[in-house]
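K.L.:
Predicted model and sequence follow; I will ask about them next.
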Amino acid sequence: MTTTDPAQIDRPEDDRLISIRGATLAYPTASGEPVQALDPIDLDVAKQAFVSLVGPSGCGKSTLLKILAGLLRQSKGDVTLSGTPLSGPSPHVGVVFQQPVLLPWLTILNNVLLPIRVQKRDVDQYRERARELLSMVGLDGFESRYPSELSGGMQQRVGIVRALVPDPEILLMDEPFGALDALTREQLNDDLQTIWAEQRKTVFFITHSIPEAVYLSDRVLVMSERPGRIVGDFTVDLPRRRTLDDVATPAFAELTSQIRHLLNAKGGID
Ligand SMILES: Nc1ncnc2c1ncn2[C@@H]1O[C@H](COP(=O)(O)OP(=O)(O)OP(=O)(O)O)[C@@H](O)[C@H]1O
């Protein structure tokens, strides 16, 4: 089933992990005229769902992600995680940005263990998990290397592992593959499917690529031009695990075309 009307989506209330009600955000500016980035957002995300968000440049996607990361507070409305109001960065939430920003003087293993140290948890308890996750994304044998010895795609894998090591329930990803070449991006999409299948995280993923959103997601949300609001909510019911062969199917093409039409009607994607 696909629909472009978020109100028509019928989901059980008890599997909600993220709940946003009437959230808006206005940035204060030096001129005194605030920038209204988000119009009221109402959104529920179920546990273990993979949800992507697409929308025109500057429409407010990162703003919404930063609210979920606890880095920004909404001007109005409520944001809850498992029913608890969000009041700042949470250990239940991991974030991956477009640039992994690894510390050059730390080894790969120590980079991915950094959140554990910052959260003052027992590092020894997470070392094995860190090694396993590095192995899952093909970085076996790189634990003692330094970031400068890794390619851009490998560094981004490290960024993803760093977010996963503390075992957060939610993974927020802001255009994580936007800076990578097409082939590396395809490989990382595949890695991300593995991670999602094995780690069962709830993923909120921002991308400028409609095919990438459809390929990875259970749901694709479409945001309007700024001030952003959710104007479309598409269910992706293509079977998993997906492969690049699925991209060539009529069902895939039909869904990407529907999303593209809605986006073009709401201001385009870039
Ligand atoms: N700190 C800030 N102060 C003032 N305005 C801001 C600030 N951060 C973002 N904005 C504005 O808010 C709007 C939404 O920005 P945001 O980064 O959320 O958009 P986006 O959809 O993620 O964009 P893109 O797709 O280009 O990354 C933009 O018009 C931007 O200029």
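P.N.:
Noted; the coordinates are in hand. Residues are numbered from 1 along each chain as shown.

K.L.:
wait, isn't residue 200 in contact with residue 49?
P.N.:
No. Contact criterion Cβ atoms under 8 Å: residue 200 and residue 49 do not qualify, at 10.4 Å. C-beta: built from backbone N, CA, C; applies to glycine.

K.L.:
where do the contact lists of the two overlap?
P.N.:
Applying Cβ atoms under 8 Å, 6 or more residues apart in numbering, one finds that no residue jointly contacts residue 200 and residue 49.

K.L.:
So for stretch 20-29, what gets flagged as buried?
P.N.:
20, 23-25 (16 or more other Cβ atoms under 10 Å).

K.L.:
just to revisit the earlier point, looking at residue 200 and residue 49, which is more packed in?
P.N.:
residue 49 (20 against 10; other Cβ atoms under 10 Å).

K.L.:
Contact partners for the more buried one?
P.N.:
17, 202-203, 218-219.

K.L.:
Mind checking what helix or strand follows the worst-scoring helix or strand of the chain on mean pLDDT in sequence?
P.N.:
Least confident element among the helices and strands of the chain, by mean pLDDT, DSSP states H and E: helix 182-199 (a mean of 91). Per DSSP states H and E, the first helix or strand lying C-terminal to helix 182-199 is strand 202-206.

K.L.:
ok, and what's touching that following strand?
P.N.:
Under Cβ under 8 Å, 6+ apart, the answer for strand 202-206 is 17-18, 45-54, 61-62, 65, 68, 169-176, 192, 196, 213, 216-217.

K.L.:
hang on, residue 17 in a strand?
P.N.:
Yes. Membership of residue 17 in a strand is supported by DSSP: H, G, I helix; E, B strand; the rest coil.

K.L.:
Now it: closest residue in space that isn't a chain neighbour?
P.N.:
residue 47 (4.5 Å; Cβ to Cβ, 6 or more residues apart in numbering).

K.L.:
The one you found: what's it in contact with?
P.N.:
15-17, 169, 202.

K.L.:
Residue 156: which of those residues is nearest?
P.N.:
Using Cβ to Cβ, residue 202 is the member of the contacts of residue 47 that lies nearest residue 156, at 20.3 Å.

K.L.:
Can you report how many residues neighbour residue 237?
P.N.:
The burial count for residue 237: 10, using other Cβ under 10 Å.

K.L.:
Over to the residue of the stretch 101-250 of the chain found nearest the ligand: give its phi and psi.
P.N.:
At 5.0 Å from the ligand, residue 226 is the closest residue in the stretch 101-250 of the chain, using Cβ to the nearest ligand atom. When read as degrees, to the nearest 10, the backbone of residue 226 gives phi -60, psi 140.

K.L.:
pLDDT at it, what is it?
P.N.:
Residue 226 is assigned 96 on the pLDDT scale.
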